[in-house]
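Chemist: this one's structure only:
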C-alpha cells in the first residue's frame, strides 16, 4: 500500500466519526481501581516493555489504575482507536499521529517516551553506502505506511531526488530482501530489524553476521530524525479533571515501568516473553536494551517533550516529500498537539517516591544474540 493510500484510508476512517468520540467513563473496577485501556501500535514486544512491566510490577495498581493493554497489529491505527473512544491512551509515532490529528483526530501527546529515533538504513559494508549521498543509484527499501519520511528527508538533504535518483522498493517488515541482496539498503529499527540481520548466518563463514559486515545510517546523526513512541491522550477529555488526574497517574506508572526496565533488562525480557511475544528471548533482550538507549539518559526527565525535537519533527513532516509527492502534514499543528503539563506532574510524583527519572548514570548492557533470536 502506498503512503498516499494509507493516509487516505486513515483519513476516511477518521471521517466516519467527523470528530473525536469521547468515551463514557468506565465504572470502577474491583477494589476501586479506575479501568484504563492502552492501545499499542504493534504486536507485543520489547518496544512496549515498560507498559508491560508497569502491569507486572503493580505500578499501575499502586496509582489506582486497572490497565488493560490492547495489542496492535498491521490493520490497527492506535491514534484512530484513541480518537474513536475505544481506548483511553495510545502509543504512536509523532508524525503519524500528527497526520491523523490534521484529519480530525482529537489527540494530544502527553509524554514523549522515546526521546530519540530508532530508525536506521542498513546495507552490507561492501555496498559502499556510508552516508545518504551514497544511496544514489541504489535499490532502496522502505516500508511506507508513514515510516519513510526520515529516509526521504535524509536523501533530499543529500541532494538526492527520491523519486528519480534511486530505485525505491516496497520492503516487507523484515530483512530478507537485504540478506538476499535484492535491495542495497533496507529500513530497520535499531531494536528490531537490525537485530534480525545479526541473528542470521553468514553463508561465507557459517557464523552469525557481525556489525562489521554492515553499514548503518542513523537519522539522528543526519538531522532528519523524527520523534517516535509517545503516549497520546484524548484532547477533549483532557478538559475533565478526573481524566487529567488519571492521565498524570498513568504517565507516572508507565515511566516507572520504563525505569524498571532500564535497571532490570533481563527481568523485563522475561515479562515480555511471558506476555506472549513471538520473538525469541535473546531478540527481546536486545530490543529492550536498544529501546532503553532511546529513552535514557533523559536530562529533563523521562517523557518530557523537547521543543527543539518537536520542532524538527514538525519541520520534516511539513517539508519532506515521499514518492507519492505527499508530506506528512500540510500545516503546523496547533497548541493542543502536545503538552508537558501531565508528564511534569507525573515526574514530581515519581521523584517524591525516589524513582530515578533522569537515568544520568545509565549505561547499556552488552547483548549476545542467538541464531534466529532464540
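Modeler: Arrived safely, thanks for sending. Quick caveat: nothing in here was measured; it's all calculated off a predicted structure. Residues are numbered from 1 along each chain as shown.
Chemist: Distance of the nearest residue to residue 288 once chain neighbours are set aside relative to residue 60?
Modeler: Spatial nearest neighbour of residue 288, chain neighbours left out: residue 46 (4.1 Å); criterion: C-beta to C-beta, 6 or more residues apart in numbering. Using the backbone N, CA and C atoms, a C-beta is placed for each residue, glycine as well. Distance of residue 46 to residue 60, given as C-beta to C-beta, to the nearest Å: 19 Å.
Chemist: neighbour-wise, which of those two wins?
Modeler: Taking neighbours as other C-beta atoms under 10 Å, residue 46 and residue 60 compare with residue 46 leading, 29 against 26.
Chemist: can you pull out the helices in the stretch 1-150 of the chain?
Modeler: Assigned by DSSP state H, counting those that start in this stretch, the stretch 1-150 of the chain shows helices spanning 3-15, 49-56, 59-62, 78-83, 94-102, 149-157.
Chemist: from the chain's centre, how far out does the fifth one sit?
Modeler: Looking back up the chat, that one is helix 94-102. 13 Å (C-alpha atoms, centre = their mean, to the nearest Å).
Chemist: what's the angle from that helix to helix 149-157?
Modeler: 100 degrees (axes from the mean of the first three to the mean of the last three C-alpha atoms, to 10 degrees).
Chemist: Against which helices or strands is helix 94-102 packed?
Modeler: Helices and strands touching helix 94-102, as assessed by 3 or more C-beta pairs under 8 Å, 6 or more residues apart in numbering; DSSP states H and E, comprise helix 3-15, helix 78-83, strand 107-111, strand 229-234, helix 307-319.
Chemist: do that again at 10 Å, thanks
Modeler: helix 3-15, helix 78-83, strand 89-93, strand 107-111, helix 149-157, strand 229-234, helix 307-319 (3 or more C-beta pairs under 10 Å, 6 or more residues apart in numbering; DSSP states H and E).
Chemist: got TSV for the ones you listed, with mean neighbour count and distance to residue 123 too?
Modeler: Converted to TSV, the helices and strands packed on helix 94-102 look like this (neighbours: other C-beta atoms under 10 Å; distance: least, C-beta to C-beta, whole Å):
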stretch	mean neighbour count	distance to residue 123
helix 3-15	17	22
helix 78-83	26	31
strand 89-93	26	23
strand 107-111	27	33
helix 149-157	24	12
strand 229-234	25	25
helix 307-319	17	22
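Chemist: okay, these in JSON lines with distance to residue 243 and mean pLDDT next?
Modeler: Putting those into JSON lines (distance: least, C-beta to C-beta, whole Å; pLDDT from 0 to 100) gives the following:
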{"stretch": "helix 3-15", "distance to residue 243": "21", "mean pLDDT": "37"}
{"stretch": "helix 78-83", "distance to residue 243": "12", "mean pLDDT": "98"}
{"stretch": "strand 89-93", "distance to residue 243": "10", "mean pLDDT": "98"}
{"stretch": "strand 107-111", "distance to residue 243": "11", "mean pLDDT": "98"}
{"stretch": "helix 149-157", "distance to residue 243": "31", "mean pLDDT": "96"}
{"stretch": "strand 229-234", "distance to residue 243": "7", "mean pLDDT": "98"}
{"stretch": "helix 307-319", "distance to residue 243": "23", "mean pLDDT": "97"}
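Chemist: The residue nearest to residue 288: what's it in contact with?
Modeler: 52, 191-192, 195, 261, 265, 268-269, 271-273, 277, 279, 283-292 (C-beta atoms under 10 Å, 6 or more residues apart in numbering).
Chemist: Tabulate the helices of the stretch 1-150 of the chain (JSON lines), appending distance to residue 108.
Modeler: Converted to JSON lines, the helices of the stretch 1-150 of the chain look like this (distance: least, C-beta to C-beta, whole Å):
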{"stretch": "helix 3-15", "distance to residue 108": "16"}
{"stretch": "helix 49-56", "distance to residue 108": "18"}
{"stretch": "helix 59-62", "distance to residue 108": "21"}
{"stretch": "helix 78-83", "distance to residue 108": "10"}
{"stretch": "helix 94-102", "distance to residue 108": "9"}
{"stretch": "helix 149-157", "distance to residue 108": "21"}
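Chemist: among those helices, which is nearest residue 331?
Modeler: helix 94-102 (7.1 Å; C-beta to C-beta).
Chemist: quick check: angle from the closest one to strand 89-93?
Modeler: Going by the same axes, to 10 degrees, helix 94-102 makes 120 degrees with strand 89-93.
Chemist: what mean pLDDT does helix 94-102 have?
Modeler: What helix 94-102 shows for mean pLDDT is 97.
Chemist: just the angle between that helix and strand 229-234, please?
Modeler: 20 degrees.
Chemist: sorry, back to before: tell me which of the helices of the stretch 1-150 of the chain sits nearest to residue 121.
Modeler: Ranking the helices of the stretch 1-150 of the chain by proximity to residue 121 (C-beta to C-beta) places helix 149-157 first, at 6.0 Å.
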